[in-house]
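# Any chance you can model this:
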Amino acid sequence: ERIRELLSKSGVAAELFAAARTSAEAPGASRPLLCILDRDVDLVTMLNHTWTYQAMVHDILGMRLNKMQVPVESEDASAPPKPRSYDVDEADAFWTAHAGDQFPEVLNAVPKAIEDFEKRRTEMAGSGQQEDALAPGLAAAINALPE
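Residues are numbered from 1 along each chain as shown. Below is the predicted model:
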């Protein structure tokens, strides 16, 4: 009833429907259509935003030029979080493997990546290799660092 009252009052909407009535006698004329949609489901958001890891990083963390800014809270609770910059490119194995995946799949892959990292770290710390045997691995690690 409220919509009918608003449309029956004089105004732009009333003029639209009045003009449609006068031109309705003309052949090929169409009447205006009023669509009422439920706002519980926001269709525009679903059409504009994908759920891939890469799209979410771009939209939420503001990725630009293969760098993303992540807010990191400091120990002082009253201080605002400071952004920390991370490079993301083809050299990042996790990014390369999961950039096109749906975000829930990426969430499931994170614990496995952390577990693999911890395993490699303990192997490196616990290996009884001599320093000469570690030199090639150390040189490769230094060469892999960004400039």
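
# any idea how far the spatially most central residue of the chain lies from Glu5?
Geometric centre of the chain, nearest residue: Met56, 1.2 Å, by C-alpha atoms, centre = their mean. Going from Met56 to Glu5 by C-beta to C-beta, to the nearest Å gives 44 Å. The C-beta positions use only the backbone N, C-alpha and C, and glycine is treated the same way.

# do Ala55 as well
Ala55 is 43 Å from Glu5, where distance means C-beta to C-beta.

# Compare those two (neighbour count), which wins?
Taking neighbours as other C-beta atoms under 10 Å, Ala55 and Glu5 compare with Ala55 leading, 15 against 8.

# what's the model's confidence in stretch 96-113, averaged?
Averaging pLDDT along stretch 96-113 gives 92.

# same question but for stretch 124-134, I mixed them up
Stretch 124-134 carries an average pLDDT of 64.

# packing partners for the longest helix along the chain?
Secondary structure of the chain read by DSSP state H shows that its longest helix is helix 103-126. Applying 3 or more C-beta pairs under 8 Å, 6 or more residues apart in numbering; DSSP states H and E, one finds that helix 103-126 contacts helix 53-61, helix 93-98.

# Output the ones you listed as TSV; include the columns distance to Leu34.
Formatted as TSV, the helices and strands packed on helix 103-126 follow (distance: least, C-beta to C-beta, whole Å):
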stretch	distance to Leu34
helix 53-61	33
helix 93-98	45
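
# For Val110, which of these is the nearest?
Across the helices and strands packed on helix 103-126, Val110 has its closest neighbour in helix 93-98 (8.4 Å, C-beta to C-beta).
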